[in-house]
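In: turn this into a structure:
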Amino acid sequence: MPADLRYWTRSSSELSKHPAEVFAEAEEHPIIVTRRDGEALVLMSQCEADRQSHLLELAAQLISVVTDDHGTLAERMAKVFPWMLALSVADREACAREILDAARASFATEQPHLALAELASWKETAAAVATGLGNTDLEWYSEPHLVARP
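Out: Numbering: from 1, shown residues only. The predicted structure is shown next:
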């Protein structure tokens with residue numbers, strides 16, 4: 001197992017001799033390809049590269065939020081993420097805190113999915129609220145209830 005759990009190492013000769021095996025590994029996690037005659041290269045899936053790119057984009061957005069000194073955290077985040085305006089004031093506050101916490105965890109663990117999933121979850125929640133899904137009174141049954149077959 002590698003010292004850095006994010007990357008496994010293979011030599012360029014291993015890549016030449018067993019490309020299918022190395023490519024299959026690269027679909028699971030990034031691979032450092034070492035070379036005798038040059039700097040090591042990283043082989044990873046496009047999906048992984050996209051996740052890292054999205055995390056950097058989120059980092060830039062959050063830096064702009066935390067360096068702005070006008071308004072509350074939720075107000076500043078709503079400037080960067082206008083979909084947050086569909087949420088209630090209390091939900092905006094929770095959203096801001098939870099996205100920042102998830103981003104901190106992502107940066108600390110180098111796991112982009114933590115922050116990206118939290119951001120996507122809140123954005124989908126805001127979209128659902130915007131369509132009126134949060135305004136429906138629900139009727140809860142305490143006992144099993146038979147319904148007609150569709």
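In: buried residues in stretch 58-70?
Out: Across stretch 58-70, burial judged by 16 or more other CB atoms under 10 Å covers 58, 61, 62, 65. Heads up, the C-betas are built off the backbone N, CA and C, glycines and all.
In: what sits against the nearest residue to the last one once chain neighbours are set aside?
Out: Counting by CB to CB, 6 or more residues apart in numbering, the nearest residue to residue 65 once its immediate chain neighbours are dropped is residue 76, at 4.7 Å. Residues touching residue 76, when contacts are defined by CB atoms under 8 Å, 6 or more residues apart in numbering, comprise 65, 66, 68, 70.
In: name the nearest of those residues relative to residue 147.
Out: Residue 147 has its nearest neighbour among the contacts of residue 76 in residue 65, at 46.2 Å by CB to CB.
In: just to revisit the earlier point, so the residue nearest to residue 65 sits in a strand?
Out: No: Residue 76 is assigned helix when assessed by DSSP: H, G, I helix; E, B strand; the rest coil, not a strand.
In: what's the distance between it and residue 146?
Out: Distance of residue 76 to residue 146, computed by CB to CB, to the nearest Å: 51 Å.
In: one more: residue 138?
Out: Taking CB to CB, one finds residue 138 at 18 Å from residue 146.
In: just residue 58 next, same as before
Out: Using CB to CB, one gets 47 Å for the distance from residue 58 to residue 146.
In: give me the number of residues near residue 13?
Out: When neighbours are counted by other CB atoms under 10 Å, residue 13 registers 12.
In: pretty sure it is in a helix, no?
Out: Yes: counting by three-state DSSP, residue 13 is located in a helix.
In: in stretch 42-55, which residues are buried?
Out: Buried-residue list, stretch 42-55, by 16+ other CB under 10 Å: 43, 44, 48, 51, 54, 55.
In: what's next to that stretch, contact-wise?
Out: 7, 15, 22-23, 26-27, 29-33, 106-107, 112-113, 115-116.
In: rerun that using 6 Å as the cut-off
Out: 26, 27, 30, 31, 32, 33, 112, 116 (CB atoms under 6 Å, 6 or more residues apart in numbering).
In: can I get it in PDB, CA atoms only?
Out: The C-alpha trace of stretch 42-55 is given here as PDB (Å, rounded to 0.1, in the frame of the first residue of the first chain):
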ATOM      1  CA  VAL A  42      -0.200  11.200 -12.800                       C
ATOM      2  CA  LEU A  43      -2.700   9.000 -14.600                       C
ATOM      3  CA  MET A  44      -6.300   9.400 -13.400                       C
ATOM      4  CA  SER A  45      -9.800   9.100 -14.800                       C
ATOM      5  CA  GLN A  46     -11.500  12.200 -16.300                       C
ATOM      6  CA  CYS A  47     -14.100  11.900 -13.500                       C
ATOM      7  CA  GLU A  48     -11.400  12.200 -10.800                       C
ATOM      8  CA  ALA A  49      -9.800  15.200 -12.600                       C
ATOM      9  CA  ASP A  50     -13.300  16.800 -12.900                       C
ATOM     10  CA  ARG A  51     -13.900  16.300  -9.200                       C
ATOM     11  CA  GLN A  52     -10.600  17.900  -8.300                       C
ATOM     12  CA  SER A  53     -11.300  20.800 -10.600                       C
ATOM     13  CA  HIS A  54     -14.800  21.300  -9.100                       C
ATOM     14  CA  LEU A  55     -13.300  21.300  -5.600                       C
END
